[in-house]
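[1] need a 3D model of the following:
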Amino acid sequence: MANTPDPTLIWFRQDLRVEDNPALIAASSFEVPILAIYVLDNETPAPWAIGGAARWWLHHSLKSLAATLKTYGIALILRRGRAETIIPQVARQISAGAVYWNRCYEPFAIAHDTAIKAGLRDFGIEAQSFSASLLSEPWTIKTQSGTPFRVFTPYWRALSKDVRIPRPLKAPSINQKPQPAAGDRLEDWNLLPTHPNWAERFSDNWTPGEAGAQNQLKLYIEDALVDYPETRNLPGVNGVSRLSPYLHWGEISIRQVWNAIALHAGAGADAYLRELAWRDFAHHLLWQFPELPQKPFAERFSAFPWRTDAKALRAWQQGRTGYPIVDAEMKQLWATGWMHNRVRMVVASFLVKHLLISWRAGEDWFWDCLVDADLANNAMNWQWVAGSGAARRLITESSIRCCKAKNSTKTVAMSDYGCLRSQLCLIHGFTNLGWLPPIFCLGQIFAWATTTPNPSSITRRPDHALNPPWKISYADTGGTKLSPFPAWYSP
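    Numbers count the residues shown, from 1 in each chain. You can find the predicted model right below:
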């Protein structure tokens, strides 16, 4: 009787798909049984264990992946604990001849990948990792002096000129008998919130899984790609791809998205490809500066005198600052696990440049509330807003951007400082999504905003224009008056 060949174990992480999955496809090229594993490791990442909203996504994505793998006869083993211990343990239990996985670039992932490779090879088990998450590996694109890029624009030029993005790989051809495998039940991981179920509206907005990712890409190309350079600035318009959680969890690869977008010539495609490169750039920065999530990239910001104000931070988190666009978006974040990128900049700017609360507090909150929470992108973008990052907007600058209000020819400036008047262009383009607090009368706000001079000349709060939420008592603050203005601010 012929011996059964040693199986190959595929370790899934942020690559929850079968198409364009180099590790899975490499394993399928050999006539050996294939088993798959996902390890829920809350210990190794330390403070960056998967956040609450992302855990909701992970539950549904693993459920979708397991169903897809079942059609190939591949069992998905679920285990909890330190991956550095579990992967070699399971590999030995199933007598694996090889363990394949696709790379992650978080500092803790790099460290334990190195240790796992060494441990597996000590047991005589082949260990290979593959590139599957980025357009290019972080160590491949360098300046003429041989150092990694620290500024995006020259990085983008080098990527566009020197890197050929491969075409995505097709789904593997696998038809094997199901392999027995023992593991945890997904339901026992308790990834879904229950008491209370704060994610009850997530399912109305998202369809996690590989099929959902492909459908979202198709809808975006058909409905919004052409107008992307304009509509990406309007939070009230479905003008962005909403692919970020699918990309983070690897339900669709960046190569699949790049190649699909590149087929459509025009300004929309060009702008979107640049945004994909911005995502890559974040991972390049994290690779060369592993402390990016904790320490300012620009060292001179290490001694910046951030304020500590628990009440103001809580008001920001709960959408109770009194600034309509800030409150609307923070409520949307809580209810849907997502926020439009342009308004992520607004709420981040409000926290760090108006309240002068450290970007780390915002980074932590986003990490727990976003379904697309990604360590590299979260850290880089918060530092960009704070002014301490590689590509940065200094905190001493007015940082004015302009965007056109929806259905209006009037251009209104949008300031990073969170001034109400300067954000109305976003409010006007956002009201159709229903996240604005009902206490605000937008007509009165617009009347006040369009007739009031530069905010720096305002001598009193705009009590005549809107219902002043800073005079409302809140039970969770003991009935105190919670002002959206910092203690040091005197209008």
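[2] domains of the chain?
    8-133, 134-168+209-288, 300-477 (automatic domain parsing).
[3] which one of those domains lies closest to Glu187?
    Comparison of these against Glu187 by CB to CB identifies domain 8-133 as nearest, at 8.6 Å. The way it works is simple: take the backbone N, C-alpha and C, and place the C-beta from them, glycine included.
[4] now that closest one: average pLDDT?
    In this model, domain 8-133 has a mean pLDDT of 96.
[5] to Pro178, which of the domains of the chain lies closest?
    Across these, the minimum distance to Pro178, taken as CB to CB, is reached by domain 8-133, at 4.9 Å.
[6] run the chain-centre distance for the closest one.
    Computed by CA atoms, centre = their mean, to the nearest Å, the chain-centroid distance of domain 8-133 equals 21 Å.
[7] span of it from start to end?
    Using CA to CA, to the nearest Å, the end-to-end distance of domain 8-133 comes to 21 Å.
[8] stretch 118-134 too?
    24 Å.
[9] residues of it that come out buried?
    Under the neighbour-count criterion of 16 or more other CB atoms under 10 Å, stretch 118-134 has 119-120, 125, 127, 129-130, 132-134 buried.
[10] can I get the residues you listed in JSON lines including secondary structure and distance to His60?
    Shown next, in JSON lines, are those (DSSP: H, G, I helix; E, B strand; the rest coil; distance: CB to CB, whole Å):
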{"residue": "Gly119", "secondary structure": "helix", "distance to His60": "32"}
{"residue": "Leu120", "secondary structure": "helix", "distance to His60": "30"}
{"residue": "Ile125", "secondary structure": "coil", "distance to His60": "32"}
{"residue": "Ala127", "secondary structure": "strand", "distance to His60": "30"}
{"residue": "Ser129", "secondary structure": "strand", "distance to His60": "26"}
{"residue": "Phe130", "secondary structure": "strand", "distance to His60": "25"}
{"residue": "Ala132", "secondary structure": "coil", "distance to His60": "21"}
{"residue": "Ser133", "secondary structure": "coil", "distance to His60": "20"}
{"residue": "Leu134", "secondary structure": "coil", "distance to His60": "24"}
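[11] which among these gets closest to Tyr246?
    Checking these against Tyr246 by CB to CB gives Ser133 as the nearest, at 12.3 Å.
[12] verify the contact between that closest one and Asp15 for me.
    Yes: using CB atoms under 8 Å, Ser133 is in contact with Asp15, at 6.8 Å.
[13] overlap of the contact sets of these two?
    Counting by CB atoms under 8 Å, 6 or more residues apart in numbering, the contacts common to Ser133 and Asp15 are 102, 250, 253.
[14] can you say which of these are buried?
    102, 250, 253.
[15] any chance of those residues in CSV, plus distance to Gly319?
    Shown next, in CSV, are those (distance: CB to CB, whole Å):
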residue, distance to Gly319
Asn102, 37
Gly250, 31
Ser253, 35
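[16] take those and write them to a markdown table, including distance to Ala75 and secondary structure.
    Below are those laid out as a markdown table (distance: CB to CB, whole Å; DSSP: H, G, I helix; E, B strand; the rest coil):
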| residue | distance to Ala75 | secondary structure |
| --- | --- | --- |
| Asn102 | 19 | strand |
| Gly250 | 20 | coil |
| Ser253 | 23 | coil |
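[17] then the longest helix that the chain contains to PDB, C-alphas only?
    In terms of residue count, the longest helix belonging to the chain (DSSP state H) is helix 267-288. Extracted C-alpha coordinates of helix 267-288, given in PDB (Å, rounded to 0.1, in the frame of the first residue of the first chain):
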ATOM      1  CA  ALA A 267      -7.900  60.600 -14.500                       C
ATOM      2  CA  GLY A 268     -10.100  58.500 -12.200                       C
ATOM      3  CA  ALA A 269      -7.900  55.400 -12.700                       C
ATOM      4  CA  ASP A 270      -4.700  57.400 -12.300                       C
ATOM      5  CA  ALA A 271      -5.900  59.000  -9.000                       C
ATOM      6  CA  TYR A 272      -6.900  55.600  -7.600                       C
ATOM      7  CA  LEU A 273      -3.700  53.900  -8.500                       C
ATOM      8  CA  ARG A 274      -1.800  56.600  -6.600                       C
ATOM      9  CA  GLU A 275      -4.000  55.900  -3.600                       C
ATOM     10  CA  LEU A 276      -3.000  52.200  -3.800                       C
ATOM     11  CA  ALA A 277       0.600  53.300  -3.800                       C
ATOM     12  CA  TRP A 278       0.000  55.500  -0.700                       C
ATOM     13  CA  ARG A 279      -1.200  52.300   1.000                       C
ATOM     14  CA  ASP A 280       2.000  50.500   0.000                       C
ATOM     15  CA  PHE A 281       4.000  53.500   1.200                       C
ATOM     16  CA  ALA A 282       2.600  53.100   4.700                       C
ATOM     17  CA  HIS A 283       3.900  49.600   4.900                       C
ATOM     18  CA  HIS A 284       7.300  50.600   3.500                       C
ATOM     19  CA  LEU A 285       7.500  53.200   6.300                       C
ATOM     20  CA  LEU A 286       6.400  50.700   9.000                       C
ATOM     21  CA  TRP A 287       9.000  48.300   7.800                       C
ATOM     22  CA  GLN A 288      11.900  50.800   8.100                       C
END
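[18] tell me what it is packed against?
    Secondary-structure packing of helix 267-288 (3 or more CB pairs under 8 Å, 6 or more residues apart in numbering; DSSP states H and E): helix 152-162, helix 228-231, helix 254-262, helix 375-386.
[19] got the buried residues for the helix or strand following the second one?
    Going back to what we said before, that points to helix 228-231. Where DSSP states H and E defines the elements, the next helix or strand beyond helix 228-231 is helix 244-248. Using 16+ other CB under 10 Å as the test for burial, helix 244-248 gives 244-248.
[20] columns pLDDT on top of those, output as CSV?
    Below are the buried residues of helix 244-248 laid out as CSV (pLDDT from 0 to 100):
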residue, pLDDT
Ser244, 98
Pro245, 98
Tyr246, 98
Leu247, 98
His248, 98
